[in-house]
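Q: compute the structure for the input listed below.
(one chain, ligands or ions: 1)
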Amino acid sequence: MPQINKGKYVLVVGCGVGTTPCYLAKRYGCRVVGVDLSKRMIDSSNKRAKREGVKDRVEFRVADAQNIPFEDDLFDIVICESVNAFVEDKQRAASEYVRVIKLGGYVGLNECIWMKTPPPELVEYISRIMGAEFPTCNNGWKELLDGSGLRDSSENL
Ligand SMILES: C[S@@+](CC[C@H](N)C(=O)[O-])C[C@H]1O[C@@H](n2cnc3c(N)ncnc32)[C@H](O)[C@@H]1O
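A: Numbers count the residues shown, from 1 in each chain. Below is the predicted model:
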């Protein structure tokens, strides 16, 4: 597992109101970039960074997970929390995470799953109302990452 420390460069995709980027910068002193599709989220994130005194280490940008506006092999760690369920082309987003991390870097996802098979009407409702799609077991997310050339390091936890 990655040791986050001062020397690391971290990308948080779908950062919402910037809680995780600001926490990481404060706790570990690392440099962090947060991206989110929503400008409102990015505005809130910028306010948070100012309020929490981490503006020198944290940068926020409006960007789509499917088209990350950064060069290849730039970040040590990519983190996504409750984001990929909302992304239309999940495989493309996963390829973007792999593209922007350095060789030997880490991608960490924290995503929801259905604990048991849901009724199809509920799946349809959530997709229509929230634009979200969740797999019925952890393997759904694992397959997505495996398909992008990543190796599972969770057995080392
Ligand atoms: C459930 S919120 C989670 C926010 C944050 N990660 C957290 O855990 O507090 C999902 C976030 O993903 C963002 N999002 C959805 N689709 C996205 C995409 N294609 N690219 C980047 N961000 C996206 C939304 O704007 C929203 O801020």
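Q: and the strands in the protein, which stretches?
A: 9-13, 31-36, 58-62, 75-81, 101-110 (DSSP state E).
Q: rank those strands by pLDDT, which is bottom?
A: Mean pLDDT is lowest for strand 101-110 among the strands of the chain, at a mean of 93.
Q: report the angle between that strand and strand 75-81.
A: 20 degrees (axes from the mean of the first three to the mean of the last three CA atoms, to 10 degrees).
Q: export the strands of the chain as JSON lines, with columns for distance to the ligand and mean neighbour count.
A: C-beta coordinates here come from the backbone N, C-alpha and C atoms, glycine included. Output for the strands of the chain, formatted as JSON lines (distance: least, CB to the nearest ligand atom, whole Å; neighbours: other CB atoms under 10 Å):
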{"stretch": "strand 9-13", "distance to the ligand": "6", "mean neighbour count": "24"}
{"stretch": "strand 31-36", "distance to the ligand": "5", "mean neighbour count": "25"}
{"stretch": "strand 58-62", "distance to the ligand": "9", "mean neighbour count": "19"}
{"stretch": "strand 75-81", "distance to the ligand": "4", "mean neighbour count": "22"}
{"stretch": "strand 101-110", "distance to the ligand": "7", "mean neighbour count": "15"}
